[in-house]
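In: need coordinates for the following:
(chains A and B)
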2 protein chains.
Amino acid sequence: MEFNRRRQLATDYYQLSMSNVYVNEGKDEDIAVFDLFVRSNPFNGGYLVCAGLEQVVDYLTNLKFDEKDIDILKNNHPELTEKFLDYLRNFRFTGEIYGIPEGSIVFPHEPLIRIKAPLIQAQIIETPLLSIVNHQTLIATKAARIVQAAEGDAVLEFGLRRAHGSEAGLYGARAAVIGGCVGTSNVESEDLIKLPAKGTMSHSYVLSYASEYDAFWTYTKYNQDNLIFLVDTYNTLESGVPNAIRVFSKLRDEGRLPKTYGIRLDSGDLAYLSKEAKTMLVENGFDDAVISASSDLDEYLVRDLKLQGAQINLWGVGTKLITAYDQPALGAVYKLAQIDSKGEITNKLKISNDPGKITNPGYKRVVRLYDKDSNKALADLIMLDDEKIDEKKPLTIFHPVHTWKKRVLTNFYVKEMMVPVIIDGKPVYKSPSISEMQQHLKNEFETMWPATTRFTNPHEYHVDLSDKLWNMKLGILNQ
Amino acid sequence: MEFNRRRQLATDYYQLSMSNVYVNEGKDEDIAVFDLFVRSNPFNGGYLVCAGLEQVVDYLTNLKFDEKDIDILKNNHPELTEKFLDYLRNFRFTGEIYGIPEGSIVFPHEPLIRIKAPLIQAQIIETPLLSIVNHQTLIATKAARIVQAAEGDAVLEFGLRRAHGSEAGLYGARAAVIGGCVGTSNVESEDLIKLPAKGTMSHSYVLSYASEYDAFWTYTKYNQDNLIFLVDTYNTLESGVPNAIRVFSKLRDEGRLPKTYGIRLDSGDLAYLSKEAKTMLVENGFDDAVISASSDLDEYLVRDLKLQGAQINLWGVGTKLITAYDQPALGAVYKLAQIDSKGEITNKLKISNDPGKITNPGYKRVVRLYDKDSNKALADLIMLDDEKIDEKKPLTIFHPVHTWKKRVLTNFYVKEMMVPVIIDGKPVYKSPSISEMQQHLKNEFETMWPATTRFTNPHEYHVDLSDKLWNMKLGILNQ
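Out: Numbering: from 1, shown residues only, chains lettered A, B, ... in the order given. Just a heads-up that it's a prediction; the model follows:
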């Protein structure tokens, strides 16, 4: 069952309108370089977690148009020429894509994806690339913050019902797991992220039985492990927790108390209720019971509840994660950096009155500089693709807007941030598994100073330009 | 091309975990009634615009599970019994759905969709129904507010690149048009909403030419109508608008100035720039040029710009609409109201310490009461399905929480809000076209007092309970 989607047409019409001109003007052979990047960190935070690259490759390597698509376009847009429609009939992506691996910590202004392709192709794919990367990077970043607040406790993604449709729920769950969630409630994600979906029961299940005890006990007949009872349908401390304890006691007497058992709190004051519930569970010898909570959580509430001594060790996060509630759009952009028209190469930038909005020209790459002793990241450097850095010499880097702010780096080493993903239209990158991406992010956090990753007023991580790139930019601005 | 989605598995795992119990306990024959409703108006507003019903029907009438689905579930969940997996193999939705037509103005607490189906079916479909209705109702409501602010100007939906993936962009565009947008940039939506997608050119198009004038002029060679030039790539008033005017003048000289032509402003102070641009256009005799704007717009900025005399007559709204930026989740819920277990009917409600969160029991319907003279809506009434209202007698209605607040209605007439959509698993409702839904919403607005629809501190529209329903609720609460 599919819902009659024509995913290949998921683009802004101006991409086709412009491409129609390009084909007819012989500009479809021009080779363009575009950078996909973010202009500022979301959530007033100090970093981003990039995600979505695997879906970008999937999209680009499958993109083609059938006769039904052509018919739809013809009927709606008499201005589209036969020559252009023929171009679409034979479309396949033949360009080059470099990207920063998913689960990497990244920063504003550095290219997350570099596209080099015939101008027309680069144009048609712009909107889908942005919607994929904007969405998944946003959710992965939000998830990383919530996981950070949970300080080692497990965090589950529970938001499908509040997602912007089921596809947003699916890829949102994927991004949440890259960001550090140990799982999701979303069954459709099982095949994609290779993890069993999680969950046990809702209020309606408990209500459908004559008593809460019956509801819990019956559940144990068909579930040998993961017995997490929802305890707030009637009254958490007077009914829910006591009934859960009665069932756990009976299972213990029968010698079949499972490894994972416990309760879920879904309303009320989670700090108070979890502490009271913990006491009741411990008094009955259930010290290792899971106490999970799931009520409008985000990184700030998780942090606050922990500060107040909440006895919660599993956090189910829904709405605020799956919609990135406090900032539901990332604002990644896709900007032209170079055009090669019949061998004549022109580097391009977008001028703006706001210096931070002026884009960087040229065919570029990004490196990260690390301190040799601490292995902490010192700064990122955007440079032209053919530049080299001599690790043996001191390196002077400077702020990309306030260029008088300089730092001299010694004792550093360099890591390339981008990897080749598609070359000549063919995928050349084996995407890591989701759990490898999640591990990669954990490793990335080890290389970041806490000043960069704190929630409030984080220190701005340096993303600087090489001398050569800066001079190219200045040259174009002074033209 | 599809992306290997298994849409049928897009549900929370606990739905399957509970259903596994129900099948094995013989509870799968129990018939449940659920209500899908919203608890509060989004955006601090006074109303909602419901949307998504057509996709709900599409989902329910296509829902089935194949052997690959069963394999995935088996591998991930050893607790799922063969009996339950067999149930899924033969699954089809056999229940009844009533719903309020899309484009209707609706209010918190009234059922937008009423589900009556075998408990297990009602459970499996819960999550997808919520994600569809939550998403589309949210975006339709946001769109309605922006269209309201535009006071008759055309509003276009431009947000695909910032949507939570392309499916969110597609159905978001659909909901935006129901909410009153005259179109969208999203090409994939053309087949769904029967409107040509809109758009002309981006900054990269202008940058790809040696001059701005060349870029505009070349565009006219392949487009006879809808010549909207993006004028802020270099300098709006010194370069963009003058170049556009040169092109329009030449076209006028050649006798081929089209019906729809004009400019698009995408940065800077839109009030100032639009007024200056208007003056320049009028001085050159282009009084009827379109002046469109598209920079981080929402209902508040549109209203402010209009108050400041902005000369804009076409509004392109992206991020803030497609993500419902200031409140990106609606929070519709799906609550059990009745269970019929082998003929024994029990009405159910969910108790909460918060009176506004106590749900309404029973098999219910919603009516709207209108004043006979003004045709304005007076109140909505939630009542038991078999109740009748005598329009000839005065009707006393009361506040559902503060029951001493009473009103006596005379001179009113009654409209049923819900229509039958699926009966015995078969679709019985012919969904109106999107443009009919849009028109329906316009008609709905005519029946609302401005106090209900204003942005700031709107008057709370009354959604009351019938005596009979109130007594049923009180009876259960007093048990």
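In: how far out from the middle of the chain is the longest helix along chain A?
Out: Of all the segments assigned as helix in chain A under DSSP state H, the longest by residue count is helix A:126-150. Remark: helix A:126-150 is offset 3 Å from the chain centroid, using Cα atoms, centre = their mean, to the nearest Å.
In: strands along the stretch 51-200 of chain A, start to end?
Out: A:96-99, A:105-106, A:113-118, A:154-157, A:183-184 (DSSP state E, counting those that start in this stretch).
In: determine how far the last one lies from the middle of the whole chain.
Out: For strand A:183-184, the gap between its own C-alpha mean and the chain's C-alpha mean amounts to 15 Å (Cα atoms, centre = their mean).
In: now swap in stretch A:414-423 and tell me
Out: On Cα atoms, centre = their mean, the centre of stretch A:414-423 falls 18 Å from that of its chain.
In: may I have it exported as CSV, CA atoms only?
Out: Coordinates of each C-alpha in stretch A:414-423 appear next as CSV, following Å, rounded to 0.1, in the frame of the first residue of the first chain:
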residue,chain,number,x,y,z
VAL,A,414,43.7,18.0,10.6
LYS,A,415,40.7,15.8,9.8
GLU,A,416,38.7,16.1,6.5
MET,A,417,35.0,16.6,7.3
MET,A,418,33.5,15.6,4.0
VAL,A,419,33.5,12.2,2.3
PRO,A,420,32.8,11.4,-1.4
VAL,A,421,29.2,10.1,-1.6
ILE,A,422,28.2,10.1,-5.2
ILE,A,423,30.7,10.4,-8.1
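In: if we look at that stretch, which residues are touching it?
Out: Residues from elsewhere that reach stretch A:414-423 (Cβ atoms under 8 Å, 6 or more residues apart in numbering or on different chains): A:53, A:56-57, A:60-61, A:93, A:95-101, A:104, A:106, A:110-111, A:114, A:365-370, A:380, A:389, A:391, A:427-429. For every residue, glycine as well, the C-beta is placed using N, CA and C.
In: now those: which count as buried?
Out: A:53, A:56-57, A:60, A:93, A:95-101, A:104, A:106, A:110-111, A:114, A:365-370, A:380, A:389, A:429 (16 or more other Cβ atoms under 10 Å in any protein chain shown).
In: send the alpha carbons of stretch A:51-61 over as PDB?
Out: Output of stretch A:51-61 as PDB, limited to C-alpha atoms (Å, rounded to 0.1, in the frame of the first residue of the first chain):
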ATOM      1  CA  ALA A  51      21.600  13.800   9.500                       C
ATOM      2  CA  GLY A  52      19.800  12.700   6.300                       C
ATOM      3  CA  LEU A  53      22.700  11.900   4.000                       C
ATOM      4  CA  GLU A  54      21.500   8.300   3.400                       C
ATOM      5  CA  GLN A  55      18.100   9.600   2.200                       C
ATOM      6  CA  VAL A  56      19.800  12.100   0.000                       C
ATOM      7  CA  VAL A  57      21.700   9.300  -1.800                       C
ATOM      8  CA  ASP A  58      18.600   7.200  -2.000                       C
ATOM      9  CA  TYR A  59      16.700  10.100  -3.600                       C
ATOM     10  CA  LEU A  60      19.400  11.100  -6.000                       C
ATOM     11  CA  THR A  61      20.100   7.500  -7.200                       C
END
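In: is chain B within reach of it?
Out: Yes: contact of stretch A:51-61 with chain B (Cβ under 8 Å from any Cβ of the partner chain) involves A:55, A:58-59.
In: quick one: average pLDDT of that stretch?
Out: Average pLDDT, stretch A:51-61: 97.
In: how about the helices in the stretch 101-250 of chain A?
Out: A:119-124, A:126-150, A:166-178, A:190-193, A:203-207, A:212-222, A:241-253 (DSSP state H, counting those that start in this stretch).
In: ranking these by burial, who's on top?
Out: Of all the helices of the stretch 101-250 of chain A, helix A:166-178 has the most neighbours on average by mean count of other Cβ atoms under 10 Å in any protein chain shown, namely a mean of 30.
In: from the contact counts, what lies against it?
Out: Helix A:166-178 sits against helix A:126-150, strand A:154-157, strand A:183-184, helix A:190-193, helix A:319-322, helix A:434-446, helix B:126-150, helix B:166-178, with contacts defined as 3 or more Cβ pairs under 8 Å, 6 or more residues apart in numbering or on different chains; DSSP states H and E.
In: any idea which of these gets closest to residue B:444?
Out: Of all those, it is helix B:126-150 that lies closest to residue B:444, at 9.4 Å by Cβ to Cβ.
In: one step back: adding distance to chain B and mean pLDDT, write the strands of the stretch 51-200 of chain A out as TSV.
Out: Below are the strands of the stretch 51-200 of chain A laid out as TSV (distance: least, Cβ to the nearest Cβ, whole Å; pLDDT from 0 to 100):
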stretch	distance to chain B	mean pLDDT
strand A:96-99	17	98
strand A:105-106	18	98
strand A:113-118	11	98
strand A:154-157	10	98
strand A:183-184	9	98
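In: residue A:463: which of those is closest?
Out: Judging those by Cβ to Cβ, what sits closest to residue A:463 is strand A:105-106, at 9.1 Å.
In: ok now the closest one, how far from the chain's centre?
Out: 11 Å.
In: go on, stretch A:77-84?
Out: 37 Å.
In: repeat for stretch A:289-297
Out: With Cα atoms, centre = their mean, you get 23 Å for stretch A:289-297.
In: same check on stretch A:426-433?
Out: On Cα atoms, centre = their mean, the centre of stretch A:426-433 falls 18 Å from that of its chain.
In: list the neighbouring strands of the helix or strand hosting residue A:369 plus their orientation.
Out: Using DSSP states H and E, residue A:369 sits in strand A:364-371. In the sheet, strand A:364-371 lines up against strand A:377-384 (antiparallel), strand A:412-416 (antiparallel) (DSSP bridges).
In: ok, the nearest residue to residue A:451 once chain neighbours are set aside - contacts?
Out: Distances taken as Cβ to Cβ, 6 or more residues apart in numbering or on different chains put residue A:459 closest to residue A:451, at 3.8 Å, once the chain neighbours are dropped. By Cβ under 8 Å, 6+ apart, the residues touching residue A:459 are A:46, A:449, A:451-452.
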